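A.B. asks: please work out how this folds:
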Amino acid sequence: MAHTHEHDHENEEDHFITLVDDDGSESLYEILLNIDGMEEFGKNYVLLMPVDSDEDEDGEVEIQAYSFTVDENGLEGELMPIPEDADDEWDLIEEVFDNFMEQQDEE
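C.D. replies: Residues are numbered from 1 along each chain as shown. Model (predicted):
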């Protein structure tokens, strides 16, 4: 399932994105991390966390990962699910996310 999104990639203060699903329902997500995968895979990735999500009993929240492309203006694009069998892509995402979390723990 593809999601459309509107997001100003030039504005570092913009940390939220609204996703619209196939039924037209909107959900607000916090952008945790953008990952540049253009050199390795020809696309970029984004990690999102639902704004209205609650932590589970272990203190964890669901994080969603998508690949994305943007239009020529860099303002609007399409998020695509990452195939479960794309092991190299998931390895990249996991490595970058783990480094991100280590940096967060140090702050």
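
A.B. asks: and the contacts of the longest strand seen in the chain?
C.D. replies: Assignment by DSSP state E gives strand 26-35 as the longest strand of the chain. When contacts are defined by Cβ atoms under 8 Å, 6 or more residues apart in numbering, strand 26-35 is touched by residues 7, 9, 14-21, 44-52, 63-64, 92-93, 96-97, 100. C-beta here means a position set from N, CA and C on the backbone, and glycine is covered the same way.

A.B. asks: I'd like the next helix or strand past that strand.
C.D. replies: helix 38-41 (DSSP states H and E).

A.B. asks: which SSE is immediately downstream of that following helix?
C.D. replies: Taking DSSP H and E, what comes next after helix 38-41 is strand 44-50.

A.B. asks: partner strands of that next one, with direction?
C.D. replies: Paired strands of strand 44-50, with direction, are strand 26-35 (antiparallel), strand 64-70 (antiparallel) (DSSP bridges).

A.B. asks: work out the gap between the shortest one and the centre of the chain.
C.D. replies: How far strand 64-70 lies from its chain's middle: 6 Å, per Cα atoms, centre = their mean, to the nearest Å.

A.B. asks: which parts of the longest strand of the chain are buried?
C.D. replies: The neighbour-count check on strand 26-35 (16 or more other Cβ atoms under 10 Å) flags 29, 31, 32, 33, 35 as buried.

A.B. asks: lowest average pLDDT across the strands paired with strand 44-50?
C.D. replies: Ranked by mean pLDDT, the strands paired with strand 44-50 bottom out at strand 64-70, with a mean of 87.

A.B. asks: what's it in contact with?
C.D. replies: The contact list for strand 64-70 (Cβ under 8 Å, 6+ apart) reads 3, 5, 9, 29, 37, 41, 43-50, 76-82, 89, 93.

A.B. asks: and the contacts of strand 26-35, which of them are buried?
C.D. replies: Using 16+ other Cβ under 10 Å, the buried members of these are 7, 9, 17, 19, 44-48, 64, 92-93, 96-97.

A.B. asks: farthest-apart pair in those residues, please.
C.D. replies: Greatest spatial distance in the buried ones among the contacts of strand 26-35: 19 and 92, 22.3 Å, computed using Cβ to Cβ.
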